[in-house]
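> prediction below, plus the sequence it came from.
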Amino acid sequence: MNIRRGAGAYARVGVESAVMSADPHQLIVMLFDGAQAAISSARLHMQDGNRSAKGLAISKAIDIVNNGLAAALDYDRGGEIADNLGRLYDYIARLLLQANLRDDIAQLEQAASLLDDIGSGWRELRHVSAELA
């Protein structure tokens, strides 16, 4: 049991260190990665019939979408793009909620796919920015 606790503490320090040293773009990418990890976990728990763990994982994904990705939008500077992303994040959160309520893997997969598409765009933006610099 102490080994698990130690490993968990070590992992948290690693994540905290990565967050502290990340630039804003990297933080957004980390949020996408965290949401995808939570959705993957939820998928496994859904398949295993572990409703409690599934609910916790989906709640974590919803929290990342609502309080991480959506909260990071700058509507003043982002204009129409920020508005569209805000609506898309709201839709994704609703998909996740419905997936949880109905044990619907298809809605979980749709949310994961949308997040993957947006996250890929963020990653590509990083590469384009680096090439232009």
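Here it is on my side, so go on.
> now the nearest residue to Gln47 once chain neighbours are set aside: how far from Asp23?
Setting aside the residues directly before and after it, Gln47 is nearest to Ile105 in space (C-beta to C-beta, 6 or more residues apart in numbering), at 7.5 Å. Every C-beta, even on glycine, is put in place using the N, C-alpha and C of the backbone. To Asp23, Ile105 is 35 Å away according to C-beta to C-beta, to the nearest Å.
> more crowded one of those two?
Ile105 (13 against 9; other C-beta atoms under 10 Å).
> mind giving me the packing neighbours of the helix or strand hosting Asn84?
Secondary structure from DSSP states H and E places Asn84 in helix 75-102. Packed against helix 75-102 by the contact rule (3 or more C-beta pairs under 8 Å, 6 or more residues apart in numbering; DSSP states H and E) you find helix 24-48, helix 51-64, helix 105-132.
> and the angle from it to helix 105-132?
Interaxial angle of helix 75-102 relative to helix 105-132 (axes from the mean of the first three to the mean of the last three C-alpha atoms, to 10 degrees): 150 degrees.
> buried stuff in helix 75-102?
Ala82, Leu85, Gly86, Leu88, Tyr89, Ile92, Ala93, Leu95, Leu96, Ala99, Asn100 (16 or more other C-beta atoms under 10 Å).
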